[in-house]
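[1] No sequence on hand, only this structure:
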């Protein structure tokens, strides 16, 4: 009733179901994960960068990406100042820092949910 249709995220990089990556991954644009990453995942700069993790995908390490769509598993903290969408099969073993969050029935979080507020102005006010 209250949900709106979301447009599919742009995918620039795909890590397939049989792939296993050991080490940190940094990407631009969109990354879709069907496989496994043992290391951190972060985006390089752009505020519209999106990570999508399918039900077969998993990450063991911290995630620092503006927008995250999760159906799989993350063992580590998620820092997403934009939007986090947790599907029914999503499982997070860590804290989730988010700007906006949407959770489906069945999503599991073993950690804290921490809302990130708007950016504070620099100390000292105007110059």
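    On my side now, so go ahead. Note that the structure is predicted; figures quoted are calculated from it, not measured.
[2] Spatially central residue for this protein, please.
    Nearest to the geometric centre of the chain sits residue 68, at 2.8 Å (C-alpha atoms, centre = their mean).
[3] who does it bridge with?
    Here residue 68 sits in beta bridges with residue 51, residue 84, as judged by DSSP bridges.
[4] How about residue 80?
    So, taking DSSP bridges as the rule, residue 80 has residue 98 as bridge partners.
[5] Would you confirm that it contacts residue 98?
    Yes - applying C-beta atoms under 8 Å, one finds residue 80 in contact with residue 98, separated by 5.3 Å. Heads up, the C-betas are built off the backbone N, CA and C, glycines and all.
[6] In terms of packing, which of the two has more residues around it?
    Taking other C-beta atoms under 10 Å, residue 80 and residue 98 do not tie; residue 80 has more neighbours (26 against 22).
[7] Identify the residues contacting the more buried one.
    Counting by C-beta atoms under 8 Å, 6 or more residues apart in numbering, residue 80 touches 63, 65-68, 96-99.
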